[in-house]
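In: Below: sequence and its predicted model.
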2 protein chains.
Amino acid sequence: MKGEVKLGILGGGQLGRMLIQAGLDFNLYTLVLDPDENAPCKDVCHEFFVGSFRDFDTVYEFGKNCDILTIEIEHVNADALEKLEQEGVKVYPDAKTVRTIQDKGLQKEFYKKHAIPSADFRILKDAEELKANTDFLPAFQKLRREGYDGRGVTRLQSEADLGKGFAEPSLLEKLVDFEKEISVIVARNASGQVTAFPVVELSFHPEHNLVDSLFAPANVPYKLQRLAIEIATRVIESFDMVGILAVEMFLTKDGQILVNEVAPRPHNSGHHTIKANYTSQYEQHLRAILNLPLGSTDIQSAAVMLNLLGEPGYDGEAKYEGLQEALTVPGVYIHLYGKKYTRAARKMGHITVLGTDLEEAQQRAESIKNVIKVIA
Amino acid sequence: MKGEVKLGILGGGQLGRMLIQAGLDFNLYTLVLDPDENAPCKDVCHEFFVGSFRDFDTVYEFGKNCDILTIEIEHVNADALEKLEQEGVKVYPDAKTVRTIQDKGLQKEFYKKHAIPSADFRILKDAEELKANTDFLPAFQKLRREGYDGRGVTRLQSEADLGKGFAEPSLLEKLVDFEKEISVIVARNASGQVTAFPVVELSFHPEHNLVDSLFAPANVPYKLQRLAIEIATRVIESFDMVGILAVEMFLTKDGQILVNEVAPRPHNSGHHTIKANYTSQYEQHLRAILNLPLGSTDIQSAAVMLNLLGEPGYDGEAKYEGLQEALTVPGVYIHLYGKKYTRAARKMGHITVLGTDLEEAQQRAESIKNVIKVIA
């Protein structure tokens, strides 16, 4: 590498923070844009800018000082990305990919066009169109834009649920009778090299609809793991994008794999790779956008990853209970995100539990599951 | 943990930088003192102070704002550490240990007193005493203070070499007919829990007398590995210290293990643990000084660690050649230290090469050994 690369990151949350943490090993000069002056990246980047990553001018002004611009959240101003691309900034993922992914309608149409298996859907403009499509229920209604971590999604069982529906542009998606949710993180560098991390299996918190825990390697037959990796590879190649892409999929009861949604950035389902894999998802994203050879995605240790969420009923300066007890269990690693304030279900950190095999990792994870609490 | 812990670090080099990198996961607030305004820690800590860690007032003023004070170099003002201890700052390692270790004469006497096996020695005040002890040659003469990375050490074969000798307070140490040099990193927390990392085997660069590469697990019979770990444990317990201690040892041709020297801080011989072990030496040091349960030191992957030294003949702004080529080899990980300027043999980074077994790691390391060059 010739001199210091100036890497701009849109979004200053935990994903950006862990990306910068990995980036220290590459001598990167990092700039971050986030609206929250206390964002987790604030104290770990070289230059921190308070501002909206949704605003054209703000993103453009921020990005034009960067050699490479990347994201840690997809809800950014794609027009500004496009202008920056035209002016020679390396924007990874590119404007076109971001624009497609940030709109769940375009995302679904993209899958259809590229023969990527995904649940049936209908696109809706408004409440009128919702009413006209009750024959499609039961289904999930999802807002086309801004849905995130379970927000902007509602389940409509029948016509009687229409009152819970959204009036905004949205899509109806057929319920999938799935057995498991899995995720494959793929990466592609500018030279076109693609690698995939081994399949991880997700489990969701029943109330918050947030990933509660996940584990790797997945408990899924080898043939289906191969298929999941093939599909994820097809998705990133169809986008022709550079960087990392998390592909969340359903494994249906009849043995199909359907793409649920994708995120063109480091992802919650890849946190464990920091401790459990040769290369972490963060380093892989950096290698991809620096156009370096991608690293081995091999598993070093089996792992369970638990999200550390703000305990319901607490709002204020975060305190962490039970760290001492949890860390007595071998293989337990805590990653806190530097967030000053907690609130119910806020992602405050994660815990990776390693084991020589999955059973050991799961037993250890079980024993500490409710030990750590984030209160105020 | 209750709120943010203020951790002060004396020294702002790469060891401090990697400690801070690990510390992000614990929400630590970090302060660093270093005389070099471009020290590797500068942009990664919360507060950076330019000043001498050898000066009483500077260290005292710096340390009194910290909850915990630690070091990444042992040549610090021990009197200031002692005063800070008395005033309630948690100083790890403590003043007494630092004072003993920063003086090679006291260090040797300490080993003798605690029945820790080490080469025979004589303490010398000046040139007169050197001349009076030629019966002890051949031997290494080592300055009592400030020796570091091969500086302050000379080999005196016979009386004819006296001209190369030091006139300052020093010690003569019998040459050890060793087969191997090994290192064991041990850690101890305030509750008295002690863990040891598996033995690593070192190889030195013939000219610079710097560690050139090392690998783990060591190619040493199990019984001797057990003995090395027992000795290292005895050393840290004898010091009654908290934190991490690197114990470098000779394995002699007749199967003895002799302590060479120790460092009460993260150490070059533990860099590979970032990628190769469950817990890295940096996280282990943090767990020790935060009085958290120590982590498992188990090996996840066999590893070779290569120091990335400034190429001789180059002096100026660093450029890195061959990264692209080296990273095509699976298992190769680059850690750059953020140093702007290179000079001959300056430690600019390190490379960890992982493998499923030692043979694979060594073959991979061999294939990239001379590929990366740091030039100007």
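Out: Sure thing, it's come through. All figures in this text were calculated on a predicted structure; none of them were measured in a lab.

In: Please make it C-alpha for all contacts and neighbour counts, starting now.
Out: Will do.

In: what's the neighbour count on the closest residue to chain B within the stretch 251-376 of chain A?
Out: Distance from chain B to each residue of the stretch 251-376 of chain A (CA to the nearest CA) is smallest for residue A:335, at 4.3 Å. A total of 21 residues lie near residue A:335 under the criterion other CA atoms under 10 Å in any protein chain shown.

In: For it, give me the pLDDT.
Out: Per-residue pLDDT puts residue A:335 at 98.

In: Beta-bridge partners for it, please?
Out: Beta-bridge pairing of residue A:335 under DSSP bridges involves residue A:350.

In: Does it touch residue A:327 like I think?
Out: No. Using CA atoms under 8 Å, residue A:335 is not in contact with residue A:327; the gap is 11.9 Å.

In: Now do the same contact list for the residue of the stretch 251-376 of chain A closest to chain B.
Out: Residues in contact with residue A:335, defined by CA atoms under 8 Å, 6 or more residues apart in numbering or on different chains, are A:349, A:350, A:351, A:352, B:24, B:25, B:26.

In: interface residues of chain A facing chain B?
Out: Along chain A, the residues adjacent to chain B under the rule CA under 8 Å from any CA of the partner chain are A:1-3, A:21, A:24-27, A:43-46, A:275, A:278, A:292-296, A:300-301, A:318-321, A:323-324, A:327-328, A:330-332, A:334-338, A:354.

In: Just the buried residues from the residues you listed, in PyMOL please.
Out: What follows is the PyMOL syntax selecting those of these that are buried according to 16 or more other CA atoms under 10 Å in any protein chain shown:
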select buried, chain A and resi 21+24+25+26+27+43+44+45+46+275+278+292+293+294+295+296+300+301+318+319+320+323+324+327+330+331+332+334+335+336+337+338+354
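
In: So which of the residues of chain A next to chain B sit within strands?
Out: With strands taken from DSSP state E, the overlap with the residues of chain A next to chain B comprises A:319, A:320, A:321, A:332, A:334, A:335, A:336, A:354.

In: For residue B:197, see how far away the fifth one is.
Out: What that stands for is residue A:334. Distance, residue A:334 to residue B:197, by CA to CA, to the nearest Å: 20 Å.

In: What of the third one?
Out: With distances taken as CA to CA, residue A:321 is found 28 Å from residue B:197.

In: number of nearby residues for residue A:244?
Out: Residues contacting residue A:244 under the criterion other CA under 10 Å number 31.

In: For it, which non-adjacent residue is spatially closest?
Out: Computed as CA to CA, 6 or more residues apart in numbering or on different chains, the closest residue to residue A:244 that is not its neighbour in sequence is residue A:187, at 4.2 Å.

In: ok, that neighbour - contacts?
Out: Residue A:187 sits next to A:194, A:195, A:196, A:236, A:242, A:243, A:244, A:245, A:284, A:285, A:288, A:294 when contact means CA under 8 Å, 6+ apart.

In: What of residue A:68?
Out: With contacts taken as CA under 8 Å, 6+ apart, residue A:68 has the following neighbours: A:5, A:6, A:7, A:8, A:89, A:90, A:91, A:92, A:289.

In: could I get the residues you listed as CSV with pLDDT, distance to residue B:138 and secondary structure?
Out: CSV is the format used below for the contacts of residue A:68 (pLDDT from 0 to 100; distance: CA to CA, whole Å; DSSP: H, G, I helix; E, B strand; the rest coil):
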residue, pLDDT, distance to residue B:138, secondary structure
A:5, 93, 51, coil
A:6, 97, 54, strand
A:7, 98, 55, strand
A:8, 98, 58, strand
A:89, 98, 63, coil
A:90, 98, 61, strand
A:91, 98, 63, strand
A:92, 98, 62, coil
A:289, 98, 56, helix
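
In: So residue A:18 lies in a helix, does it not?
Out: Yes. Applying DSSP: H, G, I helix; E, B strand; the rest coil, one finds residue A:18 inside a helix.

In: Now do the same for it: its pLDDT.
Out: pLDDT recorded at residue A:18 is 98.

In: how many other residues sit next to it?
Out: Burial of residue A:18, expressed as a neighbour count using other CA under 10 Å, amounts to 24.

In: roughly how far apart are it and residue B:290?
Out: When distances are taken as CA to CA, residue A:18 and residue B:290 turn out to be 22 Å apart.

In: and the closest residue to residue A:313 other than its chain neighbours, which of the three is it?
Out: With CA to CA, 6+ apart as the criterion, residue A:313 has its nearest non-adjacent residue at 6.2 Å, and that residue is residue A:344. On the three-state scheme (three-state DSSP), residue A:344 is labelled coil.

In: now swap in the one 4 residues further on and tell me
Out: Recorded secondary structure, residue A:348: strand (three-state DSSP).

In: what about the strands in the stretch 101-250 of chain A?
Out: A:121-124, A:139-143, A:153-156, A:170-174, A:178-188, A:194-196, A:200-204, A:211-216, A:243-252 (DSSP state E, counting those that start in this stretch).

In: could the ones you listed be laid out in a markdown table, adding mean pLDDT?
Out: Listed next are those as a markdown table, based on pLDDT from 0 to 100:
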| stretch | mean pLDDT |
| --- | --- |
| strand A:121-124 | 97 |
| strand A:139-143 | 95 |
| strand A:153-156 | 94 |
| strand A:170-174 | 96 |
| strand A:178-188 | 96 |
| strand A:194-196 | 98 |
| strand A:200-204 | 87 |
| strand A:211-216 | 86 |
| strand A:243-252 | 97 |
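
In: could you dump the ones you listed to a markdown table with distance to residue B:154?
Out: Formatted as a markdown table, those follow (distance: least, CA to CA, whole Å):
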| stretch | distance to residue B:154 |
| --- | --- |
| strand A:121-124 | 78 |
| strand A:139-143 | 73 |
| strand A:153-156 | 72 |
| strand A:170-174 | 76 |
| strand A:178-188 | 51 |
| strand A:194-196 | 51 |
| strand A:200-204 | 56 |
| strand A:211-216 | 53 |
| strand A:243-252 | 52 |
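
In: And those strands: which comes nearest residue B:124?
Out: Residue B:124 lies closest to strand A:211-216 among the strands of the stretch 101-250 of chain A, at 59.6 Å (CA to CA).

In: Extract the CA atoms of that closest one and return them as CSV.
Out: What follows is strand A:211-216 as a C-alpha-only set of coordinates in CSV (Å, rounded to 0.1, in the frame of the first residue of the first chain):
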residue,chain,number,x,y,z
VAL,A,211,-31.3,-11.8,16.4
ASP,A,212,-30.9,-13.3,19.9
SER,A,213,-28.1,-15.8,19.3
LEU,A,214,-26.5,-17.6,16.4
PHE,A,215,-24.0,-20.4,16.1
ALA,A,216,-21.5,-21.8,13.6
